[in-house]
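> build me a model from this:
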Amino acid sequence: MDIQEIYELYFTAVYRYILALSGNSQIAEDVTQETFFKALKKLDTFRGDCELRVWLCQIAKNEYFQLLRKRKKEEFPGEEKLQSLPEAGSLEQVIVERETYMQVQRILHHMEEPYKEVFSLRTFSELSFREIAELFGRSESWARVIYYRAKIKIKERLEHEHNV
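Prediction:
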């Protein structure tokens, strides 16, 4: 598979993942482009220990955190609605509404790791629990538990905000 095929297959997944982490489409675009540039240079080092999409998301995550370090943890304004979100459950269906989506992004922005990243990987990047587990070097059941706990935290915070 050449880099063009890889780009066409995985661009959206990598872009959505970084958009979910950053909440900024320009940053997501820049980091995604840099991810594929680095992947092109390092494609021969890909060992196949995980799926290619997981490997690309690891590169993207590293690029994003490197960007944050360069900008000295500068906050990135502007949260944008994704064009299409998976409908994997009741919480994810609610996210489709713009206002709720923005509330969830604000909650995620302040949520501690690994809940923030696991939820983003599952919901926005559509990674399987197995792929998430590979990314973290943990078990699939660990990924499921963390995702479930993240959903509960988000639901509780949304309910609290609606009742205030």
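
> what does stretch 52-63 rub up against?
Outside of stretch 52-63, the residues within contact range by CB atoms under 8 Å, 6 or more residues apart in numbering are 6, 10, 13-14, 17-18, 21, 31-32, 34-36, 38-39, 42, 46, 117, 121, 125, 127, 131, 134-135. All C-beta spots, glycine's among them, are computed from the backbone N, C-alpha and C.

> swap the cut-off to 6 Å and go again
The contact list for stretch 52-63, computed with CB atoms under 6 Å, 6 or more residues apart in numbering, reads 10, 13-14, 17-18, 31, 34-35, 38-39, 46, 131, 134-135.

> count of neighbours near the residue nearest to residue 35 when sequence neighbours are not counted?
Spatially, and ignoring its direct neighbours in sequence, residue 35 is nearest to residue 60 (4.3 Å; CB to CB, 6 or more residues apart in numbering). Residue 60 sits with 26 neighbouring residues when counted by other CB atoms under 10 Å.

> quickly list the domain ranges of the protein.
Structural domains annotated on the chain: 1-80, 82-164, as defined by automatic domain parsing.

> redo those domains as CSV? Include mean pLDDT.
Formatted as CSV, the domains of the chain follow (pLDDT from 0 to 100):
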stretch, mean pLDDT
domain 1-80, 77
domain 82-164, 75
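
> buried residues in the helix or strand hosting residue 159?
In this structure, residue 159 sits in helix 140-163 according to DSSP states H and E. Buried positions in helix 140-163, judged by neighbour count with 16 or more other CB atoms under 10 Å: 142, 143, 144, 146, 147, 150, 151, 153, 154, 157, 158.

> what helices or strands is it leaning on?
In this structure, helix 140-163 makes packing contacts with helix 115-123, helix 129-136, judged by 3 or more CB pairs under 6 Å, 6 or more residues apart in numbering; DSSP states H and E.

> okay if I get those helices as TSV plus distance to residue 103 and mean neighbour count?
Shown next, in TSV, are the helices and strands packed on helix 140-163 (distance: least, CB to CB, whole Å; neighbours: other CB atoms under 10 Å):
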stretch	distance to residue 103	mean neighbour count
helix 115-123	14	24
helix 129-136	23	20
